[in-house]
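[1] I'll drop the sequence and a predicted model, then ask my questions.
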Amino acid sequence: MQRKEFRELTSVEDARVLVGKIRVTPKTVKTPIEKAAGHIIAEDIFSNVDVPAFNRSVKDGYAVRAKDTYQASEPQPCELRCTASIPAGCADDFFVDDGEAIEISTGAPIPDGADAVVMVENTKQSSDSLLVYQPVHIGENIMRVGSDIMKGERILRKNTRLGSREIGVLASIGMSEVPVKRLLVGIISTGDELIRPGEKIEAGRIYDANSYATSVAIEECGGTPKIYGIVADDAALMEEALDRAIMECDIVLTSGSTSAGVGDIMYRIIEEKGKTLTHGIAIKPGKPVVIGMIDNVPTIGLPGNPTSALSIFNEFVAPIIHNSLGVRPSFKTKVRAVMGTGIRSGGREELFPVGLVRGKVYPADKTSGAITTLSDADGIIEIRAHTEYIKAGSEVEVTMFGNVTSPDLMLVGGQCPGTDLLEEMTGLVFRTLNMGSSAGFTAISGGTADIACVNMVDPQGDFNSSVLAKMNLKDVVLVKGYRREQGLIFAADNPVHGLENLITGVRLINRNRGSGTRALLERELGILAAKMGTTRNELIKNINGYNSGSKTHRSVCDTVRSARADVGFGLRAAADEAGLEFIPVAEDEFDFVIRKDLLDIKEIRVFLDALSCEEFSKRLPPGMYTYEMTGRIISSF
């Protein structure tokens, strides 16, 4: 057989352009979560439950009424009567009255009547008498219903690669199966010299390493490998194996028989059965690679040498899998980075979860009871017991979690579908913490966010600039965003006519404290109270559920849709998405606060260009729109 001569090799740049154009459409399959690790989520995942599902204690101690402890001190402890004990997992009903306390374990449900937990180390019990040496405030050491995950909240985005952290989040909301993308990649190893690992080695024979190394590489990319085994250097056997793989798989990889030797025939079979896009790339190792297409199935002939095969896989096959699955390359390594903010340690050796954004490290920790700490972290830093504080600017080593992609921008503040749209349009990866406008202002002030997403209104109806003026921030700018309709959200069978209905006994689901939407409702209730000749505080006393707090607009809608509340206050866009009725009450201004030192970086420029473009304006959902100030940068407040 005539030898193949590599007279004209494809340049690496041209080969990368070639594979960059190859896309395969993966299938969507339901996979048990215990087998889903490494796969790619096929759709956004929303929680069907609250996590936690009940108010629970985060400390061992005593459930009390906080007001009963306000006078407590070391010299003069307050005395309470201990009436019962609640272990974790207990479902019995208990009640704490004035002057009473109930012993409680970490994770146990908070009894009715109690509004705080005093830690056991701040108490002394003798028989049924409890001495409390330190006061607690309302809500102290209590994790509220849905404070980690609210029902209806999106917890994982489409195209997220599933690792141990994401599996833990799915399990915490009770999911047993998850929709994942399945991209089946067939693997055929060729060569008379090959034998399976475990078989007895003989002279002139070598173990087949490529099938197994490539299989793992495919899994690391998010694909599903299928090993077809070893095929001898026989044209008929090769054709038979290739035909079967083409029928069953989305991509087919072969190894061996692609070079210029007289026995190398795989490249000829690919040429005869389909179309050869390139044969031979100017790269070392791995020159004799074949990239072809057979019946619209990408078919790549890798070199037989394991090192060359993996090199070519990483350079030219992995991008096809990543692009087809809609994910970025995964990595797992140790990196040196700089602290973006200070971290105080608890005086003990600690593996501290952190996020990594453009070479700067930020805390990702919430509380010990929050499962979403895991999905918000990119890795860990190890803090030694003798280290009390790591100051901003210090260099640290981050041990990255497997299969994570560091975000391009850190956004903290209010939740809005508009930011989801901006992420999609820019192609950037956002780390978005939906914690309310107040948290956004705090994060931008402390340097732990690139962008604060805010919609905080003052009594005069001014949005966001008055807050910046009060904080006296000089190193940030206010970028005007877009306007949004906010109003009452309710089901069609439970009609609401206006804000006046809120004082008639209907159950309200409010937004969380610190959110701009809650502040907007407060302002509108103040206006209503003035018209009624009363005060806002008096009006609020008559609103059932005013003190509730939901973290997102979607979770407000879900609460209404599930009849756990009669009416909510939030976005028209969220109401429309949920199929609920909506009455407009006011418009807010959803703006962005950005650190001045970041205005010229590429990611921020891309963000601002998308915000100001016509496509963004057209794609905003109903009830949200740009206006003449959109994209305007304001530097004085």
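    Cool, the structure landed. Small disclaimer: the values here were computed from a predicted structure and weren't measured.

[2] which residues touch Ile532?
    Let me fix one detail, which is that residue 532 is Met and not Ile. Leu539 (CB atoms under 8 Å, 6 or more residues apart in numbering). C-betas here are computed from N, CA, C, even on glycine.

[3] check what pLDDT it gets.
    You'll see Met532 listed with a pLDDT of 93.

[4] check the one 10 residues further on too.
    What the model reports as pLDDT for Asn542 is 90.

[5] once you drop chain neighbours, what's closest to Glu239?
    In space, and not counting its chain neighbours, Glu239 is closest to Ile269: 5.8 Å by CB to CB, 6 or more residues apart in numbering.

[6] ok, the one you found - contacts?
    235, 238-239, 242.

[7] which of those lies closest to Ala439?
    Here the nearest of those to Ala439, counting by CB to CB, is Leu242; it sits at 56.5 Å.

[8] average pLDDT for the helix or strand harbouring the closest one?
    Leu242 is located in helix 235-248, with elements delineated by DSSP states H and E. What helix 235-248 shows for mean pLDDT is 92.

[9] give the buried residues for it.
    238-239, 241-242, 245-246 (16 or more other CB atoms under 10 Å).

[10] ok, Tyr627 touching Arg483?
    Yes - using CB atoms under 8 Å, Tyr627 is in contact with Arg483, at 5.9 Å.

[11] neighbour count winner among the two?
    For Tyr627 versus Arg483, the count of surrounding residues by other CB atoms under 10 Å is larger for Arg483: 20 against 13.

[12] what's near enough to touch that one?
    587-590, 624-627.

[13] one more pass at 7 Å, please.
    Taking CB atoms under 7 Å, 6 or more residues apart in numbering, we find Arg483 in contact with 587, 589, 625, 627.

[14] distance of the second one relative to Leu411?
    In this view, Glu589 and Leu411 are 17 Å apart by CB to CB, to the nearest Å.

[15] next one: the first one
    Glu587 is 22 Å from Leu411, where distance means CB to CB.

[16] those two - which one has more neighbours?
    Comparing Glu587 with Leu411 by other CB under 10 Å, the one with more neighbours is Leu411, at 23 against 17.

[17] next up, phi/psi of that one, please.
    phi -110, psi 130 (degrees, to the nearest 10).

[18] quick check, central residue of the chain?
    With distances taken as CA atoms, centre = their mean, Leu156 lies nearest the centre of the chain, 5.2 Å away.

[19] burial measure for Gly204, as a count.
    Gly204: 7 surrounding residues under other CB under 10 Å.

[20] that one belongs to a helix?
    No - counting by DSSP: H, G, I helix; E, B strand; the rest coil, Gly204 falls outside a helix, being coil.

[21] need the contact list for it.
    Shown in contact with Gly204 (CB under 7 Å, 6+ apart): Glu193.

[22] state the distance from it to Ser555.
    According to CB to CB, Gly204 and Ser555 sit 66 Å apart.

[23] could you do Ala530 as well?
    As judged by CB to CB, Ala530 and Ser555 stand 31 Å apart.

[24] neighbour-wise, which of those two wins?
    Ser555 (28 against 12).

[25] quickly find the element holding that one.
    With DSSP H and E as criterion, Ser555 is part of helix 553-561.

[26] and the longest helix for this structure?
    Scanning the chain for the longest helix, with DSSP state H as the assignment, gives helix 516-532.

[27] let me know the angle separating that one from helix 553-561.
    Relative orientation of helix 516-532 and helix 553-561, computed by axes from the mean of the first three to the mean of the last three CA atoms, to 10 degrees: 60 degrees.

[28] which neighbouring elements make contact with the next helix or strand after helix 516-532?
    Next along the chain after helix 516-532, taking DSSP H and E as the criterion, comes helix 536-540. For helix 536-540, the packing partners by 3 or more CB pairs under 7 Å, 6 or more residues apart in numbering; DSSP states H and E come out as helix 516-532.

[29] any buried residues in the helix it packs on, and which?
    Those would be 516-521, 523-526, 528-529, for helix 516-532 by 16+ other CB under 10 Å.

[30] ok, stretch 106-124 next?
    106-111, 114-119, 122-123.

[31] one more: stretch 42-50?
    42, 45-47, 50.

[32] how close does Ile383 get to Ala337?
    Distance, Ile383 to Ala337, by CB to CB: 14 Å.

[33] actually, Thr448.
    14 Å.

[34] swap in Glu34?
    Counting by CB to CB, the gap from Glu34 to Ala337 is 33 Å.

[35] what of Ile218?
    30 Å.

[36] the more surrounded of the two?
    Ile218 (26 against 23).

[37] tell me, how many residues neighbour Thr10?
    19.

[38] pretty sure it contacts Gly280?
    Yes - counting by CB atoms under 7 Å, Gly280 is a contact partner of Thr10 at 6.5 Å.

[39] measure stretch 537-550 end to end?
    Using CA to CA, to the nearest Å, the end-to-end distance of stretch 537-550 comes to 21 Å.

[40] buried set for it?
    539-540, 543-546, 548-550.

[41] one more: stretch 67-87?
    Neighbour-count burial for stretch 67-87 flags 68-69, 72, 77-78, 80, 82-84, 86 (criterion: 16+ other CB under 10 Å).

[42] TSV for these, including secondary structure?
    TSV is the format used below for the buried residues of stretch 67-87 (three-state DSSP):
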residue	secondary structure
Asp68	helix
Thr69	helix
Ala72	coil
Pro77	coil
Cys78	strand
Leu80	strand
Cys82	strand
Thr83	strand
Ala84	strand
Ile86	strand
